[in-house]
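Enquirer: Sequence first, then the predicted structure:
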Amino acid sequence: MFDKQPHAERDPTDGSTTEQNDSAKSPEKEKTERLPARETWTVLYRHFRPHRGVVALGALFTLIGAAAGLAQPVAIEQLVTRLSDDESITSILILLSGLLVIGTAVDSLGSYILERTAQSVVLDSRRSLIGRLLRLKVSEVERVQPGDLMSRVTSDTTLLQAVTTQAVVSGFSGALTIVATIVMMAWMDAVLLGVTLGVIVIIGASTALVMPKISKATQRAQEAVGMISAALERAFGAFRTLKASGAEQREVAKVEEAAREAWRHGVKSAKWQAVAWSSMGFSIQVSFLGVLGVGGSRVASGAISVATLVAFLMLLFYLIDPVSRLIEAVTQYQVGSAAVARIVQAERMETEDLTELTQPAVPAAERAPASVVFEDVTFRYRPELPYVHHGVSFTVPGPGMTAFVGPSGAGKTTVFGLIERFYEATGGRVLVDGKDVQEWPLAALRATIGYVEQDAPVLAGTVRENLMFAAPDATEADIHEVLVRARLDALVEKLPEGLDTVVGHRGSKLSGGERQRVAIARALLRKPRLLLLDEATSQLDAVNELALRDVVAEVSRDVTVLVVAHRLSTVTLADRIVVMDAGRVRAVGTHDELVQGDPLYGELAATQFLATSS
């Protein structure tokens, strides 16, 4: 096969090779920068805004529950006073019971509304993020770990739910309740209020210092969770290779290291959260002791009554709940802000235009064979990498078959990526039917193309689902026809459930040749005007390869076929052959012309036993 030749594309400016550059395309771990507080709140409000009416209703119920609880110390003060005066306490007991029942019921209803809304926030966030991730440009997906992107849809959006509803409402209602409680304390006794606030403010200030530590630890823990997902996706993506290589323990060690990293940062977050909660509890206890001591002396001096002291102590204990909610809200914000930063990073990744992806396809009457022209095309994957194409130019009229040959790293597969607009040319123009691909709506462009990749991916699901993946409106007659053409009909007949047989993860229940035939059939079922075949028969046996060669030859009578060719049968069958080397087109012609006229092609042909008499 041509790609086994020891040639590599070389950039004349720096001497680096494309084979080396390809390694730079591999996914990399990205650090997530923490967002400024203002931007974090802007993002949170964007998620919160569609549900603000329901959240306001839940907050109202929460406040009513808080007001019912806040009224209880006042009622208890009256209860103690009546007991001291030997008056009836029946009405006060009924009032206290009513406040307890109403407060509990309303608060529970408010909590349910907020939790339900939180789930809706997560749903909306996941729908939005999934929609963006599946529209990412190919270059963006190649830049990051897929498992890390998946963790942003799953775990990061889960963290988002608490901060967009519970944290906002708990913080608001908690702060309002604290203010109301402090006002009531001031009304009862300003001296005791001073004792309470003095302790709470001092300890509260120290507690605030640990909040950024919680945020940082949580962010690192989420990044580590993303690393776990990426490592598992990597392992399961090549599970048989992992087994055959005896690499189980090494891969387990990698996943365990990511898990330990998540554990370490999770423990740090838990430690600082424990400090925050302990400080809150400690401040309330110290305040209680201070109020009890100062209040007792004030009762003894006659400054306040026992009933007032009891009511004040009740308010102090009642202060525990809103202070807890406020601290919880701040903690949730620190945790949620880390998730927000990772979600925003994913949202900022470059996507394909949604309007271009929803344009209608070309009507069947207009589906003539497509022409392809490259005009002095240059391309590199990223600005810091060397060029893959250095002024590639060729013309392919339709119909017919054009084969691309050349050593590894010559830029053959990149030609297909530029036609499909997986990548944008750095310079020059790529024309399909005489129109720059940049001017084509993506949906219309890709609807004209059938594409079979090098590894012929088959998706988890049934044979039928894979065949109809690119042609969801195909009829049973269409499917049967393409099964026969791709030599899949005999295989389907042997399967236990025929077309509805599950093929396993990435088609693991099929052989390499069967997966390749499914991929070819899927492309043919699309009824393309332009068919791109990248090593489309590399895993087929001689009999099936010969049969599919005839299918491709037949298709090329009505369709423009571009194929990265590695075998004699394909190369000699082509109407024209484009020889590429080091990102340039060095020759175009037929097999016989190129054997005689191009030294590189002649060398490749001789090495691969392609030089035959004709």
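Expert: Structure received. Since we're looking at a predicted model, the values are computed, not measured. Numbers count the residues shown, from 1 in each chain.
Enquirer: for the longest helix seen in the chain, packing partners?
Expert: For the chain, the helix that runs over the most residues, judged by DSSP state H, is helix 248-301. If you count contacts as 3 or more Cβ pairs under 8 Å, 6 or more residues apart in numbering; DSSP states H and E, helix 248-301 packs onto helix 190-208, helix 211-237, helix 306-318, helix 320-347. All C-beta spots, glycine's among them, are computed from the backbone N, C-alpha and C.
Enquirer: now those in CSV, with distance to residue 126, mean neighbour count and mean pLDDT?
Expert: As requested, the helices and strands packed on helix 248-301 are exported to CSV (distance: least, Cβ to Cβ, whole Å; neighbours: other Cβ atoms under 10 Å; pLDDT from 0 to 100):
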stretch, distance to residue 126, mean neighbour count, mean pLDDT
helix 190-208, 32, 16, 72
helix 211-237, 15, 20, 74
helix 306-318, 38, 20, 78
helix 320-347, 10, 22, 77
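Enquirer: quick one: the strands in the chain?
Expert: 372-379, 389-396, 400-405, 427-432, 435-436, 449-452, 530-534, 560-564, 576-581, 584-589 (DSSP state E).
Enquirer: of these, which approaches residue 507 most closely?
Expert: strand 449-452 (13.6 Å; Cβ to Cβ).
Enquirer: Output the closest one as PDB, nothing but the C-alphas.
Expert: Extracted in PDB, the C-alpha atoms of strand 449-452 (Å, rounded to 0.1, in the frame of the first residue of the first chain):
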ATOM      1  CA  ILE A 449     -21.600  14.200  -0.700                       C
ATOM      2  CA  GLY A 450     -21.200  10.600   0.400                       C
ATOM      3  CA  TYR A 451     -18.100  10.100   2.600                       C
ATOM      4  CA  VAL A 452     -16.400   6.900   3.800                       C
END
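Enquirer: hang on, the earlier thing: kindly calculate the angle that the longest helix of the chain makes with helix 320-347.
Expert: Using axes from the mean of the first three to the mean of the last three Cα atoms, to 10 degrees, the direction of helix 248-301 lies 150 degrees away from that of helix 320-347.
Enquirer: before we move on, back to that, out of the helices and strands packed on helix 248-301, the one nearest residue 272 is which?
Expert: helix 211-237 (4.6 Å).
Enquirer: about what we covered before: for residue 585, find the nearest of the helices and strands packed on helix 248-301.
Expert: Taking the helices and strands packed on helix 248-301 one by one with Cβ to Cβ, helix 211-237 is closest: 34.3 Å.
Enquirer: burial of residue 288, as a residue count?
Expert: By the criterion of other Cβ atoms under 10 Å, residue 288 has 18 neighbours.
Enquirer: repeat for residue 505
Expert: 14.
Enquirer: Do I have it right that it meets residue 236?
Expert: Yes. At 7.2 Å, residue 505 counts as touching residue 236 under the criterion of Cβ atoms under 8 Å.
Enquirer: where's residue 603 relative to residue 590, distance?
Expert: 17 Å (Cβ to Cβ, to the nearest Å).
Enquirer: what's the answer for residue 82, then?
Expert: 110 Å.
Enquirer: Ok, residue 106 next?
Expert: 85 Å.
Enquirer: Who has more neighbours out of these two?
Expert: residue 106 (19 against 15).
Enquirer: Now do the contacts for the more buried one.
Expert: Residues in contact with residue 106 (Cβ atoms under 8 Å, 6 or more residues apart in numbering) are 61, 62, 64, 65, 68.
Enquirer: go with 7 Å
Expert: Taking Cβ atoms under 7 Å, 6 or more residues apart in numbering as the criterion, residue 106 is in contact with 61, 64, 65, 68.
Enquirer: what's the burial count for the residue lying closest to residue 158 once chain neighbours are set aside?
Expert: Leaving out its chain neighbours, the residue that sits closest to residue 158 by Cβ to Cβ, 6 or more residues apart in numbering is residue 122, at 6.4 Å. Using other Cβ under 10 Å, residue 122 is surrounded by 19 other residues.
Enquirer: I'd say residue 122 and residue 159 touch.
Expert: No. Counting by Cβ atoms under 7 Å, residue 122 does not reach residue 159; the two are 9.4 Å apart.
Enquirer: can you put the strands of the chain in JSON lines and add mean neighbour count, mean pLDDT and distance to residue 96?
Expert: Shown next, in JSON lines, are the strands of the chain (neighbours: other Cβ atoms under 10 Å; pLDDT from 0 to 100; distance: least, Cβ to Cβ, whole Å):
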{"stretch": "strand 372-379", "mean neighbour count": "19", "mean pLDDT": "93", "distance to residue 96": "78"}
{"stretch": "strand 389-396", "mean neighbour count": "20", "mean pLDDT": "92", "distance to residue 96": "82"}
{"stretch": "strand 400-405", "mean neighbour count": "23", "mean pLDDT": "90", "distance to residue 96": "86"}
{"stretch": "strand 427-432", "mean neighbour count": "18", "mean pLDDT": "93", "distance to residue 96": "79"}
{"stretch": "strand 435-436", "mean neighbour count": "14", "mean pLDDT": "92", "distance to residue 96": "79"}
{"stretch": "strand 449-452", "mean neighbour count": "24", "mean pLDDT": "89", "distance to residue 96": "74"}
{"stretch": "strand 530-534", "mean neighbour count": "24", "mean pLDDT": "90", "distance to residue 96": "78"}
{"stretch": "strand 560-564", "mean neighbour count": "27", "mean pLDDT": "91", "distance to residue 96": "83"}
{"stretch": "strand 576-581", "mean neighbour count": "23", "mean pLDDT": "90", "distance to residue 96": "87"}
{"stretch": "strand 584-589", "mean neighbour count": "18", "mean pLDDT": "91", "distance to residue 96": "89"}
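Enquirer: Tabulate these (CSV), appending distance to residue 544.
Expert: Listed next are the strands of the chain as CSV, based on distance: least, Cβ to Cβ, whole Å:
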stretch, distance to residue 544
strand 372-379, 28
strand 389-396, 27
strand 400-405, 19
strand 427-432, 31
strand 435-436, 37
strand 449-452, 14
strand 530-534, 14
strand 560-564, 16
strand 576-581, 23
strand 584-589, 29
